[in-house]
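Q: Could you look at this predicted model? Sequence included:
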Amino acid sequence: MRCTVLLIAAGVSLYAQPPVSFEKDVFPVFEKAGCRHCHNRDGVAGPTRLRFPEDGADAKQLADFGDSLVVLVDRKAPDASALLQKPTNRLKHSGGERIAQGSAEESVLRRWVAILARRSDAEVARIREQRPAERGGQVQGAVLRRLTHQQYANTIRDLLHEASDVANQFPPEDFVDGFKNQYKNQTLSPIQVEAYSLMAERMAQAAFRRGDSRKLIPCDYRGGKQDACRAEFVRTFGRRAFRRPLEAAEFARYEALFKAEKDFITGVQAVIEAMLQSPAFLFWMEDTARDDWKPYAAASRLSYFLWNTMPDDALLDAAAAGELHSTQAVVQAAKRMIDNPKAKPALDEFVSQWLRFDRAFAAARERRTFPQFSRELVAAMVEESKRFVGDLVWNDRNFMDLFRANYGFVNADLAAVYQVQAPSRDFEKVEFKPEHQRPGILGQAMFLTLTSKPEDTAPTSRGLFVREQFLCQQVPPPPANVDNNLPPVSVARPVTNRERLKEHTFNKACTSCHSLIDPIGFTLEKFDAIGMWRDRHKLLFYPDEHEAKKPMKEVMLDLDTNGQIAGIPNSEFTNPRELGELLAKTPQCQECITKQVFRYMAGRRDTPADVPMITEATARFRESGFKFKELLICLLTSRDREARGKALHAQRHN
């Protein structure tokens, strides 16, 4: 009785606090607040102690997650718990106030904090031991992956010795999770199927316009040798087209198709046309349950990652001889392939997607403000970035110089943008002026152009690009029905972009996300919308049509380039070079390089099951002095071990 009286006197009624369920009451509060957008593996707050379970978590996983939050509770002083203080922004929170102080949602959270605070030491110890694992789970993967348009074009080139770009008439491919080769987006539409059919017919006809000048028939078919040569062609061409030997039923079907034609050449064309429409050609084999095909799957994994095309005869021969069963054999094959000229355009394809060259090619500029902007200039920007990354890779330089190198590869057009002396030959290496502080890719015209608007820079876009592409962090999408318009700039109110974007700090619906990205972009404001250096922000006000006689007005404004990367300790910087140096030494950025390569190689986003592989590859990447070739080989051998491990697991459970 005395305890009850004391509780009521303290303002805590035994009957005023109904039981609270984490799954039904507390988790919805976090969902409404958008906490999971940042507190996930790829979120801005991913490195913190609070990490939400993956999408689709069941009731038990949610309950376990709710219990695990005890590590964020001060059991002696519950009101001081980070679990309560952070989302209400009483304790500085990068995401701002996600749960309003004094709200019904805060009341629900307080009740859960109180429940966790009452856990015994033994319960807390048990929960700590059983915290939801951040690693493990089933490794995802695809058995078959459709050829991307570029892979299709490259494969046709190597299979039929076709020089033209045969995929430029296909329907455009979409970017999914940062790349165009993600297998969850590689289904076949009726339009794509029709395009493949038309291309197969066209390629079969084109291959023999000048007889067998391309040497596609491997034997003498004249005289009485046609039967033997027919069989040899079907087998050899089939192995190359399907990247594996033909099965008996396949061989019989294609040989019958061949025999049905009037002469040998039309028979060859019929087989080629049919094979180019087969799923065995259009989809490459990443993995298989068949032991006899596993070496061929390994060959395709190597070739479509390192060369972006089909395996050559040497790789297929190695698969046939059983020489791709060990890690050492895969390493030897990978090193040979990396030294092959085919590896260079394959790297360019990865870089073009990762760095989103397509956005640069789609850029437009206000002609009066940027008269020198042209498609030729954009092409030069892209070429510079390709050569810059290629120089780091093929000359075994420290790849983290991507963010801090003080040089570029320029032609005369780019030299004018960078305000340097034009080189004697196009795209020679040129040192930049130290005072212009161009930090690697962040100071290149390509990056600065694709992250700008037609009339001016876009600090938000630049900061978002750094978060997504270089830190592998997902920034939450803007809330629905939010007004994205900023105060207009006028002669009466000339302000910098930083001052205009202050609106985001006053609007609670905006500040939580924009505080994560805008400060990164602010430090790049001394580069204009095509990458030219500017000491001050120049505003140009042109007269209206009815004011044609009035002169254009020019206003110069000082720029504040101080910034920081929220979520990274001691990440303040004052200029672009300091930002580049910070990224180069930041573990999240280093790991992001690994993740981006993995996602492109695997055709999917990484999952918790991939954490050990990515951690190991990043460690070896770091130990090598950030040699990109070492990263490629490490990921390839890890994927090879993973494939063999899955096969062994399947055998044990069959």
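A: Everything's here; your move. Just so you know, these numbers come straight off a predicted model, no measurement behind them.
Q: from here on, contacts and neighbour counts on C-alpha atoms
A: Noted.
Q: ok, Tyr33 to Val475 distance?
A: Careful, residue 33 is Ala; it's not Tyr. 14 Å (C-alpha to C-alpha, to the nearest Å).
Q: Show me what the helix or strand where Val271 lies is packed against.
A: For Val271, the enclosing helix or strand under DSSP states H and E is helix 264-275. Judged by 3 or more C-alpha pairs under 8 Å, 6 or more residues apart in numbering; DSSP states H and E, helix 264-275 is in contact with helix 190-206, helix 226-242, helix 248-259.
Q: Which one, of these, ends up nearest to Ser512?
A: Closest approach to Ser512 among the helices and strands packed on helix 264-275 is made by helix 190-206 (42.2 Å; C-alpha to C-alpha).
Q: Report the buried residues of that closest one.
A: Tyr196, Ser197, Met199, Ala200, Glu201, Met203, Ala204, Gln205 (16 or more other C-alpha atoms under 10 Å).
Q: which residues does the third one contact?
A: Applying C-alpha atoms under 8 Å, 6 or more residues apart in numbering, we find Met199 in contact with Val166.
Q: ok now do Asp317, which residues does it touch?
A: Asp317 touches nothing, counting by C-alpha under 8 Å, 6+ apart.
Q: Can you give me the distance of it to Pro245?
A: Asp317 is 11 Å from Pro245, by C-alpha to C-alpha.
Q: low pLDDT regions in the chain?
A: For the chain, residues meeting the criterion pLDDT under 70 lie at 1-18, 46, 130-142, 479-485, 504-509, 545-549, 642-654.
Q: tell me the centre residue of it?
A: The centre of the chain sits closest to Gly178, judged by C-alpha atoms, centre = their mean, with a distance of 3.8 Å.
Q: What are the phi and psi values at it?
A: The phi and psi torsions at Gly178 (degrees, to the nearest 10) take the values phi 90, psi -10.
Q: Ala256: neighbouring residues, count only.
A: By the criterion of other C-alpha atoms under 10 Å, Ala256 has 13 neighbours.
Q: Give me the distance between it and Arg438.
A: 64 Å.
Q: again, but for Ala228
A: Distance, Ala228 to Arg438, using C-alpha to C-alpha: 65 Å.
Q: Who has more neighbours out of the two?
A: For Ala228 versus Arg438, the count of surrounding residues by other C-alpha under 10 Å is larger for Arg438: 29 against 12.
Q: List the contacts of that one.
A: Arg404, Ala405, Asn406, Tyr407, Phe432, Gln444, Pro576, Arg577.
Q: Dump the residues you listed to a markdown table, plus distance to Glu106, neighbour count and secondary structure.
A: Converted to a markdown table, the contacts of Arg438 look like this (distance: C-alpha to C-alpha, whole Å; neighbours: other C-alpha atoms under 10 Å; DSSP: H, G, I helix; E, B strand; the rest coil):
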| residue | distance to Glu106 | neighbour count | secondary structure |
| --- | --- | --- | --- |
| Arg404 | 45 | 24 | coil |
| Ala405 | 48 | 24 | coil |
| Asn406 | 50 | 20 | coil |
| Tyr407 | 52 | 19 | strand |
| Phe432 | 53 | 20 | coil |
| Gln444 | 46 | 26 | coil |
| Pro576 | 40 | 29 | helix |
| Arg577 | 42 | 24 | helix |
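Q: contacts for the helix holding Val271?
A: By C-alpha under 8 Å, 6+ apart, the residues outside helix 264-275 that reach it are 200-201, 203-205, 208, 221, 226, 230, 233-234, 238, 241, 254, 257-261, 281.
Q: Need the phi and psi values for Gly531.
A: Per degrees, to the nearest 10, the backbone of Gly531 is at phi 90, psi 10.
Q: contacting residues for the closest residue to it other than its chain neighbours?
A: Leaving aside its sequence neighbours, Gly531 sits nearest to Ala445 (C-alpha to C-alpha, 6 or more residues apart in numbering; 4.4 Å). By C-alpha under 8 Å, 6+ apart, the residues touching Ala445 are Met381, Val417, Ile530, Gly531, Met532.
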